[in-house]
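J.: show me how the following folds:
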Amino acid sequence: MAVSITLRNIIKKYDEKAALNNVTLGVEKGHIHAIIGTTGSGKSTLLRVIATLCVPTLGSGYINGLNLGARQNQIRHQIGYMSQDSRFEQSLTLMENLTLHGKLHGIAQADLINRISGFVRRFEVADSLHAFPREVSFGTRRKMEFIRAVLHNPSILLLDEPTASLDQGCKELMEAFLREQKLRFTTVMVSSNIDQVERLADRISILDDGRLVADGTLKELKETERENRILDLTLSETHERDFNILDASPHVVSYTVQGNHVEIITEVDIPPEKITALFHERVVEATPRLPALTDIFKRMIKVEAIHE
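T.: Sure thing, here's the model as predicted:
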C-alpha cells in the first residue's frame, strides 16, 4: 500500500532538550495510525512536525511526496489539523470561523454552505452555528473543531486527543465518522484512550521520552508478549517481604503493586497456582489473562514496580 507520510530520523530540540529523538515513521494511505505515550513523550510535537507547524532540528520527511522542509504551503492545504487547544477566532461566530476556513482553502460558496450544513447536522451542533466559541460547551466546541479539520476534505487528518473529556455520545459520533470515512483520509491520531486506539487504529506507535519504542499493528504488538501471561491478584493485605519474594522468583518477569492489587507478568507456561502459592491464604482473587495493549504500553515505557 502507498505511504502518505514518511519521517526519517526526526530530531526536534527545545534548547538542549530533545522533544523528538531520531524518530522514523511511515503512515500508509487510508490508515488510522495511533500515537500513544505518556505526557511529555513528544506526541503533540510529532503531529506539529507533520502539520508543518514545527520545524525539525534534524531529519527529513515527505507528505504525499512533498518535501516537509520545502513545500510547506502545499502540504498545509492537504492537512486537516485538530489540536488540543482551541484555534477558533474568538471575535467570530462558529459559522464565520468555518466559512473563513473554507474560503482559505478555496471552497466555492455554495459548496461550502452545503458542507457546513451537512456536518453540523451529523454532529448535532446546528443550533450553535451562530454562537461565539466562548458561548458554547466544551463538547460543542470540540465537535466544531473536528468539523473544521475535515471541512476542506484533506487527504491527511491529524487529531490531537480529539475525544478527550467528551461525553460518550460525542465520542461515538466522532468514532463512527472516522470508521465510515476511513478511506477518505490518512489519519494520525494522538489518543490517551487505549480502548479507543484498539477499536480504531490500523497501526500503533508508542513514544517514550521522544523516542519511538514500538511500532506495529495491534496483532504485531501483542505478538511481542506471546511468551508472557498476566496474573491479576487481589490480596487481603500486602507485606514488604512480598516484593522480595517476587523479585527473587525466576518465573516473574515484572510486577506492579497498587494497594492490595498486584499485577504480575509471568512466563506463559507457569501455572497461576505456582504464583498464588507464594502469598498463601492472603489471595482474595486471582485472574490470569493474556496481555492487552495497556500492558504492552506499560512495559514499553518501562513503568517500574510501584510500591504503595
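J.: neighbours of Met277, just the number please.
T.: One correction, residue 277 is Ala, not Met. Neighbourhood size, Ala277 [other C-beta atoms under 10 Å]: 10. In this view, the C-beta of every residue, glycine as well, is placed from N, C-alpha and C.
J.: contacts only, for Thr39.
T.: Counting by C-beta atoms under 8 Å, 6 or more residues apart in numbering, Thr39 touches no other residue.
J.: if we go to 10 Å?
T.: Contacts for Thr39 (C-beta atoms under 10 Å, 6 or more residues apart in numbering) come out as Ser192.
J.: tell me how far it lies from Asp295.
T.: In this view, Thr39 and Asp295 are 20 Å apart by C-beta to C-beta, to the nearest Å.
J.: and what of Arg87?
T.: 35 Å.
J.: out of those two, which sits in the busier spot?
T.: Ranked by neighbour count (other C-beta under 10 Å), Arg87 and Asp295 place Asp295 first, with 20 against 14.
J.: domain-wise, how is the protein divided?
T.: 3-222, 226-290 (automatic domain parsing).
J.: SS state for the closest residue to Ile5 other than its chain neighbours?
T.: In this structure, Ile5 finds its nearest non-sequential neighbour in Val27, 3.9 Å apart by C-beta to C-beta, 6 or more residues apart in numbering. What DSSP: H, G, I helix; E, B strand; the rest coil gives for Val27 is strand.
J.: for Ala164, give me its contacts.
T.: Gln84, Arg142, Lys171, Val190, Ser191, Ser192, Asn193, Gln196.
J.: tell me which of these is nearest to His105?
T.: Of all those, Arg142 has the smallest distance to His105: 20.7 Å, by C-beta to C-beta.
J.: the closest one: how many residues sit nearby?
T.: 24.
J.: so it touches Thr163, yeah?
T.: Yes: using C-beta atoms under 10 Å as the test, Arg142 is close enough to Thr163 to be in contact (7.7 Å).
J.: for those two, list the residues in contact with both.
T.: Cys170, Met174.
J.: next, the contact list for Asn64, please.
T.: Contact partners of Asn64, counting by C-beta under 10 Å, 6+ apart, are 2-6, 29, 71, 74-75, 78-79, 155-156, 186.
J.: now do it against Arg203, distance only.
T.: Distance, Asn64 to Arg203, by C-beta to C-beta: 18 Å.
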